[in-house]
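Peer 1: have a look at this fold, sequence not included:
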């Protein structure tokens, strides 16, 4: 009888340990790193954004739109880099707060067309490839970009 009781206590301890391990596994999965963390935080995001803006500014396809070309002259690249970095930091789950205009207000006057949007996406993809961003993160970043399209592209409104 005592031996059976000891075996039951041992079995209860084993089951409790198994349950704790299972719960810690669920908790670890629930606390998966944010996209911000998987990208490496603010420094790598700011480097990618800087390269992205540097590639967009002189782009002849984008600058063939007179409104975009005028905006490139009027708005300093450093200002764009600041706002896009803050927006990407926030959108990926980081601690930054974007305080600029909403995407519609910031882009409505530019009459951005589908071909210009596609060119911007192409350049962004090239910059992500240059920085060897893993495909899962590329897909998530592209989904974030896509979520802004209706407010940016004139024909998507």
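Peer 2: Structure's in. What do you need? Owing to the predicted nature of the structure, the values given are computational and were not obtained by experimental measurement.

Peer 1: contacting residues for residue 124?
Peer 2: Residue 124 is in contact with 52, 141, 142, 145, counting by C-beta atoms under 8 Å, 6 or more residues apart in numbering. Yep, even glycine has a C-beta here, placed from its N, CA and C like the rest.

Peer 1: check residue 130 too.
Peer 2: residue 51.

Peer 1: let's see the pLDDT reported for it.
Peer 2: If you check residue 130, the pLDDT there is 98.

Peer 1: likewise the one 4 residues further on?
Peer 2: Predicted confidence (pLDDT) at residue 134: the value is 98.

Peer 1: list the contacts of it.
Peer 2: residue 38.

Peer 1: ok, now how distant is it from residue 82?
Peer 2: Applying C-beta to C-beta, to the nearest Å, the value for residue 134 to residue 82 is 26 Å.

Peer 1: so after the helix or strand of the chain with the lowest mean pLDDT, what's the next helix or strand?
Peer 2: Ranking every helix and strand in the chain by mean pLDDT, DSSP states H and E puts helix 2-30 at the bottom, with a mean of 49. Next helix or strand after helix 2-30 toward the C-terminus (DSSP states H and E): helix 35-39.

Peer 1: pLDDT (mean, whole number) over that following helix?
Peer 2: 98.

Peer 1: buried ones in it?
Peer 2: Neighbour-count burial for helix 35-39, with 16 or more other C-beta atoms under 10 Å as criterion, is recorded at 35, 36, 38, 39.

Peer 1: ok, now which ones touch residue 39?
Peer 2: Contacts of residue 39 (C-beta under 8 Å, 6+ apart): 45, 48, 92, 133, 137.
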